[in-house]
Structure formats: structure tokens, C-alpha cells
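In: I need the structure of the sequence given here:
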Amino acid sequence: MALKIRLARQGAKKRPFYRIVVADVRSPRDGRYIEKVGTYNPMLAKDDENRISLDAERIQHWIGVGAQPTDRVAGFLAAAGLSEKVERNNPNKGKPKAKAQERIREAEEAAKAAAEEAAAAAEAEAAPAEEAAEA
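Out: Numbers count the residues shown, from 1 in each chain. Down below sits the predicted model:
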């Protein structure tokens, strides 16, 4: 049985409140779950200590058994120091398209050419100064 540590929505319309639960991946978001291991109240201020509450011992148990946290819950666990922060990779859909990549390439080439011209001008300016110093 594949297990997930995920959010289950509670609360009224436009007043969300979430339970952090361990559930079978096949059960619906707000459906049956195995155990409640914490809560998340996004309506509270970000620095409020009651915004996220976790039962660290039970979460460690379920992770040891093989439960996988969702991206959102993994962020909560990393902030609480229960796991390492997971870097999310940017999928190919998020990358710029062909025309945008071409514009970026052209801008880089223009910047490189401008830097080369500036370096050449600096060298040309430095050469007469050296001749004047030798004379």
C-alpha cells in the first residue's frame, strides 16, 4: 500500500483549514485517512506559531515506514527540521520558447561585443599614454 503525507481540506468556504494526514494514495483528498499527524491554518500570520503544528514523532515513524510527503508538506517538514529541503526542478514547460531563447542569445552576443569594443578602446587609449610616458 503506497502512503502519502498530504493535506486534507477542512473549514468553511473561503476559510480553509487543513489537516496533515497519512493516507493511501488512492483515497480522495478529503476522504479516508489513516492518521492525522498535524494541522495547517493558512489564515494565520506567517510568523504565528499555531499556523503549522506537526507531530514529529509520528511523522518520522511514517516516513520510516515508507510514506512520501507531497511537495507542500515536504516544505513544512524542511522548515521544521524534520527532513532536508527538496529542490524542485523546473520542468521543460517552464523554460522559454524558441523565439525567447533566440532573443536572449542575441542580447548576450550584443553584450559580449560591447565588452570587447570597450576593452579594445581601453587598450587603444592606454597605448598613446605609454608612448607619452616613455618620451
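In: Contacts only, for the closest residue to Leu77 other than its chain neighbours.
Out: Across the structure, with CB to CB, 6 or more residues apart in numbering as the measure, the residue nearest Leu77 apart from its sequence neighbours is Ser83 (4.4 Å). All C-beta spots, glycine's among them, are computed from the backbone N, C-alpha and C. Ser83 makes contacts with Ile63, Pro69, Ala74, Leu77, as judged by CB atoms under 8 Å, 6 or more residues apart in numbering.
In: Relative to Gly38, which of those residues is nearest.
Out: Each of the contacts of Ser83 was scored against Gly38 by CB to CB, and Leu77 proved nearest at 9.6 Å.
In: how much space between the closest one and Lys99?
Out: Computed with CB to CB, to the nearest Å, the distance linking Leu77 and Lys99 is 40 Å.
In: who's more crowded, the two?
Out: Leu77 (24 against 8; other CB atoms under 10 Å).
In: was I right about that one contacting Trp62?
Out: No: in this structure, Leu77 sits apart from Trp62 without contact. The criterion is CB atoms under 8 Å, and the distance is 11.0 Å.
In: Which pLDDT value goes with Glu134?
Out: At Glu134, the pLDDT value in this model is 62.
In: Assign a three-state SS to His73, would you?
Out: That one is not His; residue 73 is Val. Secondary structure state of Val73, per DSSP: H, G, I helix; E, B strand; the rest coil, is helix.
In: Skipping its backbone neighbours, what lies nearest it in space?
Out: Nearest residue to Val73, sequence neighbours excluded (CB to CB, 6+ apart): Ile5, at 5.1 Å.
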